[in-house]
Each structure stands twice: as structure tokens, then as C-alpha cells.
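Novice: sequence-free structure coming up:
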């Protein structure tokens with residue numbers, strides 16, 4: 001937006017009205033004034049003009065007062081008026097209107113409202129027929145010695161995106177002692193309901209009118225609790241082009257700044273940063289950007305192009321350290337010492353929430369982001385290292401290709417593509433996740449972690465390929481298709497297992513948890529095929545020191561039910577070989593565990609009837625026991641060989 005030229009357009013209209021009115025009043029043509037404003041001048045600027053009272057006091061300077069000034073908007077405008085003011089006062093050297101340059105000793109606006117907007121096709125409501133009278137070059141700019149605005153407002157509305165920004169000005173004053181003296185600026189008010197203040201100094205008017213040298217400026221201001229300083233030059237100030245400014249910013253509410261810029265951000269820690277702002281004519285660059293947020297840092301550059309129908313942002317950022325404590329709001333973290341709420345079933349017994357997610361419309365920009373981070377400090381375990389991220393937002397579709405990082409001696413890759421809602425199709429999500437050789441103990445077993453996590457160990461790997469649609473978490477889960485797998489070797493789990501499966505179920509499967517003594521898991525292999533929200537178990541095998549557990553069944557997300565049979569298989573015949581299959585079924589909100597009692601009674605007879613006598617009489621490891629063990633049916637004594645996915 002060419003701010004100086006727009007201001008000049010408005011000023012030209014006001015001065016034209018004042019000059020015409022003054023001439024006619026000099027001729028004592030009161031009726032002619034009204035007719036001239038309503039017809040010839042309105043026709044010249046293609047806008048209807050109305051003025052309640054016009055008073056001229058001749059002299060040097062000539063003092064003009066206009067009350068209840070109204071200028072109509074375009075036919076496609078969102079409001080009926082582009083400009084209105086309760087009162088406009090102008091002190092002008094009348095002869096300068098004829099010989100130039102125009103000299104305005106003072107211009108005062110009270111209760112003024114200026115609406116600048118574009119149409120859905122990009123037209124400007126400030127394109128008036130007086131364009132030829134508006135300064136196009138720096139040397140044509142009028143000599144304005146003092147400007148005051150009180151109780152006024154400026155609104156800018158983008159008709160293509162429907163985004164709007166409003167500035168309420170309590171007071172604003174721009175003044176200079178002479179054309180060779182610096183121009184001082186002071187303003188205060190509200191920007192989108194956030195209080196702001198601005199103070200600064202720009203170059204003398206003589207420098208503004210001199211096209212041979214850049215125009216200097218220094219501004220110092222704040223928005224809410226954010227403070228900024230801008231120091232530099234503009235090569236073409238009337239076009240807001242050739243900008244070369246050094247910016248320093250610091251504050252405590254970066255998320256509020258994002259809110260009135262139309263960029264939703266979570267609550268973030270105190271920040272400070274510097275950058276070099278360059279560009280103009282709608283194309284901007286933030287070069288040599290350095291920013292610190294809490295204990296985290298960011299560096300790089302950002303380019304913004306607002307000349308296209310959809311603005312485009314390109315960012316290349318790096319970081320030495322990111323501390324996730326500084327970004328809890330991003331990933332849903334809670335404040336320290338807060339307890340996570342227990343998920344509650346909905347009134348209909350459902351657990352999965354059906355609340356629509358905000359996925360109908362992504363921000364009205366196109367963006368490309370690359371990020372490389374040396375280390376990201378985790379709040380729950382080992383840091384993430386060698387993080388790289390490629391993100392693209394185009395025409396509302398979001399793609400993350402890829403997100404890669406190294407953690408706990410392992411690597412994680414994620415490809416993600418999200419297509420938003422259209423009139424014909426719901427939002428679609430496609431995601432591929434690959435996890436390789438992650439050390440659980442290093443990931444979760446930090447010294448400040450609970451004991452159950454510190455004792456957890458093992459190397460895990462896995463994968464997931466998901467394709468789904470929907471507007472809520474429930475819809476995403478109930479419509480998903482794909483496959484997933486999880487693998488674990490040399491694992492160790494103790495109290496953590498108790499939090500998942502009741503002790504009596506674990507005992508029936510031959511997995512005995514004793515206090516905080518870890519349970520060794522030699523191997524876990526699982527693979528699921530997912531169709532229309534139903535995850536069927538194609539392979540599930542759990543190998544412990546004494547037992548191999550296999551499983552079959554499925555999890556039904558649409559009905560929020562499951563039916564899984566866990567079958568234990570003895571590896572070593574012992575006196576406590578009381579293992580029986582367990583059926584897990586029911587709903588997500590009310591799971592049920594059933595034991596197959598017949599198998600339990602039969603096995604009790606075997607273990608307590610014959611085997612104890614043999615063991616007592618012949619001692620441990622006797623041949624009889626081996627023979628008895630060999631007589632067990634393959635289904636009970638030897639686990640079937642599973643189909644194992646090699647992608648670990």
C-alpha cells in the first residue's frame with residue numbers, strides 16, 4: 001500500500017474542496033458552493049461530497065474550517081463513505097495553490113474516519129479522478145508544516161481475503177520548525193484493540209523533496225508489551241520502496257502480535273530479536289534475522305511477496321538450541337505441576353471426541369519453510385538432534401516433507417500431507433511415519449523421570465502409513481486406511497505394564513510383575529492392517545523369559561469396540577505354569593477381561609498332579625520332566641512362527 005500517496009490523495013481532495021469553497025465564498029456565492037460541491041467537484045472525483053458548514057477567514061495564511069465532511073465510497077465498497085470528519089481545519093498559503101509548491105501551515109482533523117479497501121478483483125477505492133493532481137515525484141510533495149489528528153480512525157480492508165486492520169488514533173502530531181529541520185512524529189491509540197504508542201524523527205522535508213538521496217527515519221514505539229525500534233532509510237518514501245531498516249524487537253506477548261496480524265500463535269515466552277528489513281512495492285525481506293525466545297534461538301531469513309493474489313512467504317531458518325519448555329502451547333503441553341485430565345466418555349458412551357477441528361480453512365497465504373536445528377531439548381527425555389523440516393503451504397494444502405530427527409541413538413522420519421475442506425470433499429490426511437532403532441531407556445530414562453520410566457528399556461522401531469478424511473478426531477480414526485507396525489527387542493518394562501493391563505490378566509498370561517522388578521521383554525512384534533477404521537491384527541507376538549504370547553483380533557474405531565484373544569505358550573515348564581488364554585473385549589469406555597477356565601483347570605491338573613511328584617522325586621531338570629514337556633501339544637507348548645515385517 002502506497003501510504004504517502006494515499007494520504008496525498010485525501011489531502012488533495014480536502015484542499016480542492018477548501019480552495020473551491022474559498023473562491024466561491026469570496027464571491028459570496030453560498031448557494032453556488034453547495035451546488036458546486038454536489039455536482040462539478042463530485043463528478044470530477046467520481047464521489048459524492050457533502051459538507052455541513054464551510055467557513056473561510058482570509059489572510060496569510062488563510063484559515064479554512066469545514067464541518068461534517070462526507071465523501072462517498074465506490075459502488076462496490078463495504079461501507080457508504082471512504083472519508084468522513086466532524087471537523088477539518090486548514091491554514092494554507094492561498095497563492096501556493098496557483099504557483100506551487102502547496103504550502104500548508106497546519107492541517108487538523110477531528111473525529112475523522114478513513115476507509116481504504118480493495119475489491120475482490122483488486123481495485124482500489126482510493127483511485128480518484130484527481131490522480132494527476134496527486135504528487136507522483138518526491139519534489140512535488142507539498143510543504144506540510146504541522147499535522148494533527150484527534151479521535152480518528154484508519155481502516156484497511158483486503159477485499160480478496162476479507163482481512164481487515166483498524167487503527168484508532170487518540171492523538172497524532174507531525175511537525176517541523178522549517179523545511180530544513182527534522183520532522184518529529186508522536187502518536188498513540190489502539191491497533192486492533194491493542195494499545196500502541198509511536199515516537200520518532202524523520203528527515204527534513206527538504207530531504208523528502210530531494211530524489212538524489214535516501215530519506216532517513218528513526219521510529220521508536222510499542223504495541224501492548226512489545227517494543228520496537230526502526231532505524232534506516234527509504235529510497236522512494238512516496239512509494240514505500242527502497243526500504244533499508246534495521247529493526248530491533250523485544251517483548252512478552254509475541255502471540256498477541258500474531259493475533260492482530262492474523263497469524264494464530266500459542267502463548268510464547270519473552271523474546272528479543274533483530275533483523276534487516278529491505279524491499280518495497282509489496283516485496284519484503286527480513287535478512288540476518290536473529291531471535292531468542294526464552295532459552296531458544298532462531299536465525300535465518302524470511303521473504304514476503306504480497307504482490308500476488310495470494311501472498312507468498314519463504315523462510316529459511318536454523319537453530320542451535322530449541323527448548324520445548326518454551327513452546328508448550330504448540331504441542332498441547334500443560335503448565336508445571338498440572339495433572340493431565342482423564343478422558344471422559346461422552347453422554348452416549350463414546351470416548352473419541354467428535355468436536356470439529358479447525359481444518360476448513362488454512363491461512364490465506366502460500367508458504368515454504370526449511371528448518372535445520374542442531375538440538376531440540378525435550379521435556380520428557382533425550383534431546384532431538386539433527387532436526388530438519390521441509391514445509392509447504394500452497395492453495396490451502398499443507399505438506400511436511402520431510403520431518404527428520406535423530407533421538408536416543410535412533411532416527412524418525414515423517415511425511416505429512418493435509419488437504420483442507422472443499423465443497424466436494426472433506427479434509428484429507430495422508431501420513432507416513434518411520435521409526436528406526438530408538439533406545440527407550442535413553443529416550444525416557446532421565447534422572448528426573450519417574451521410576452517406572454527409568455527402568456524402561458529396549459530398542460524400538462516401527463512404521464505407519466495412514467490415509468483418512470474427516471473434520472474431527474473421531475472421523476479421522478473411523479475412516480482411516482493403511483497399515484502400522486511396532487517392534488521392540490531386549491526390552492524391560494515393570495510398573496508401566498501394570499498401568500496398562502491388570503495384574504490378574506498378566507498373571508494368567510505368565511507375565512509376573514513383582515513390585516518394581518523389571519519384566520524382560522525379549523521381543524515384541526506387531527503389525528496391523530487398517531481398513532475403514534478397523535485395525536486387524538495380522539501379527540502380534542510377545543516373547544518373555546518364560547512365555548510367548550500371541551494375539552489375534554481387531555480394534556473397531558467406528559463402533560469403539562474391540563475383541564482380542566491373547567494366547568500364552570510355555571517356553572519352560574514350571575510349577576507356576578498356570579497360563580490361560582484371555583479374551584479382551586467390550587468398548588473403549590468399558591473393557592472386559594474373560595479367562596478360559598477350562599484350560600486353567602486342565603493345566604492345574606498337569607502342573608500340580610504329576611509334575612510336582614516327578615520334580616520332587618528326581619530333582620530339577622530330570623528326563624521325565626523333559627518327556628512330559630515334550631508331550632504338550634504344539635498349540636500349547638510351541639508358538640507358531642509369526643510373519644515378521646523386516647522394516648525395523
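Specialist: Cool, the structure landed. What you see is a predicted model; the values in this text were computed from it and never measured.
Novice: Now do residue 590: how many residues are near it, please.
Specialist: Number of residues near residue 590 (other C-beta atoms under 10 Å) recorded here: 10. In short, each C-beta sits where N, CA and C put it, glycine included.
Novice: And for residue 57?
Specialist: Look at residue 57: counted by other C-beta under 10 Å, it has 11 neighbours.
Novice: Report the beta-bridge partners for it.
Specialist: Beta bridges link residue 57 to residue 63, judged by DSSP bridges.
Novice: Test my guess that it contacts residue 91.
Specialist: No. Counting by C-beta atoms under 8 Å, residue 57 stays clear of residue 91, with 9.6 Å between them.
Novice: how about the helices in the stretch 251-400 of the chain?
Specialist: Per DSSP state H, counting those that start in this stretch, the stretch 251-400 of the chain carries helices over the ranges 254-260.
Novice: per-domain residue ranges of this structure.
Specialist: In terms of domains, the chain is parsed into 1-175, 480-637 (source: automatic domain parsing).
Novice: Which of those has the lowest mean pLDDT?
Specialist: Confidence, taken as mean pLDDT, is least for domain 480-637 of those (a mean of 69).
Novice: that older thread, pull up the overlap in contacts between residue 57 and residue 91.
Specialist: Common neighbours of residue 57 and residue 91, using C-beta atoms under 8 Å, 6 or more residues apart in numbering, are 63-64.
Novice: does the nearest residue to residue 582 once chain neighbours are set aside sit in a helix or strand, and which one?
Specialist: Excluding the flanking residues, the one nearest residue 582 by C-beta to C-beta, 6 or more residues apart in numbering is residue 566, at 4.8 Å. For residue 566, the element it lies in under DSSP states H and E is strand 561-570.
Novice: now do residue 195
Specialist: Per DSSP H and E: residue 195 is located in strand 194-202.
Novice: what are the pairing partners of that strand, and which direction each?
Specialist: For strand 194-202, pairing defined by DSSP bridges yields strand 183-191 (antiparallel), strand 215-223 (antiparallel).
Novice: contacts for the helix or strand just after that strand?
Specialist: The helix or strand immediately downstream of strand 194-202 is helix 205-208, counting by DSSP H and E. Applying C-beta under 8 Å, 6+ apart, the external contacts of helix 205-208 come out as 138, 141, 143-144, 176, 179-180, 183, 202, 213, 215-216, 237.
Novice: one more time with 7 Å
Specialist: With C-beta atoms under 7 Å, 6 or more residues apart in numbering as the test, helix 205-208 has contacts from 138, 141, 143, 176, 179-180, 183, 213, 215, 237.
Novice: on that earlier part again, which strands and helices sit next to the strand holding residue 566?
Specialist: Secondary-structure packing of strand 561-570 (3 or more C-beta pairs under 7 Å, 6 or more residues apart in numbering; DSSP states H and E): strand 547-556, strand 582-587, helix 634-637.
Novice: deepest of those, which one?
Specialist: Among the helices and strands packed on strand 561-570, strand 547-556 has the highest mean neighbour count (mean count of other C-beta atoms under 10 Å), at a mean of 18.
Novice: Drop anything exposed from the contacts of helix 205-208.
Specialist: Among the contacts of helix 205-208, those classed as buried by 16 or more other C-beta atoms under 10 Å are 138, 141, 143, 176, 179, 183, 215, 237.
Novice: Tabulate these (a markdown table), appending secondary structure and distance to residue 299.
Specialist: Below are the buried ones among the contacts of helix 205-208 laid out as a markdown table (DSSP: H, G, I helix; E, B strand; the rest coil; distance: C-beta to C-beta, whole Å):
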| residue | secondary structure | distance to residue 299 |
| --- | --- | --- |
| 138 | helix | 36 |
| 141 | coil | 39 |
| 143 | strand | 44 |
| 176 | coil | 39 |
| 179 | coil | 43 |
| 183 | strand | 35 |
| 215 | strand | 30 |
| 237 | helix | 30 |
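Novice: mind putting the residues you listed in CSV, distance to residue 551 included?
Specialist: As requested, these are exported to CSV (distance: C-beta to C-beta, whole Å):
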residue, distance to residue 551
138, 79
141, 80
143, 86
176, 83
179, 87
183, 78
215, 75
237, 73
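Novice: which residue ranges form the strands in the stretch 101-250 of the chain?
Specialist: Ranges of strands within the stretch 101-250 of the chain are 103-110, 113-117, 143-144, 146-157, 164-175, 183-191, 194-202, 215-223, 226-236, 241-251, based on DSSP state E, counting those that start in this stretch.
Novice: Partner strands of the third one, with direction?
Specialist: According to DSSP bridges, strand 143-144 forms sheet pairs with strand 103-110 (parallel).
Novice: what's the angle from the strand it pairs with to strand 146-157?
Specialist: If you take axes from the mean of the first three to the mean of the last three C-alpha atoms, to 10 degrees, strand 103-110 sits at 60 degrees to strand 146-157.
Novice: what comes up buried for strand 103-110?
Specialist: 103-109.
Novice: can you check stretch 222-230 too?
Specialist: 222-224, 226-230.
Novice: What of stretch 189-200?
Specialist: 189-192, 194, 196, 198, 200.
Novice: can I get the strands paired with strand 194-202 in TSV with mean pLDDT?
Specialist: Below are the strands paired with strand 194-202 laid out as TSV (pLDDT from 0 to 100):
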stretch	mean pLDDT
strand 183-191	90
strand 215-223	91
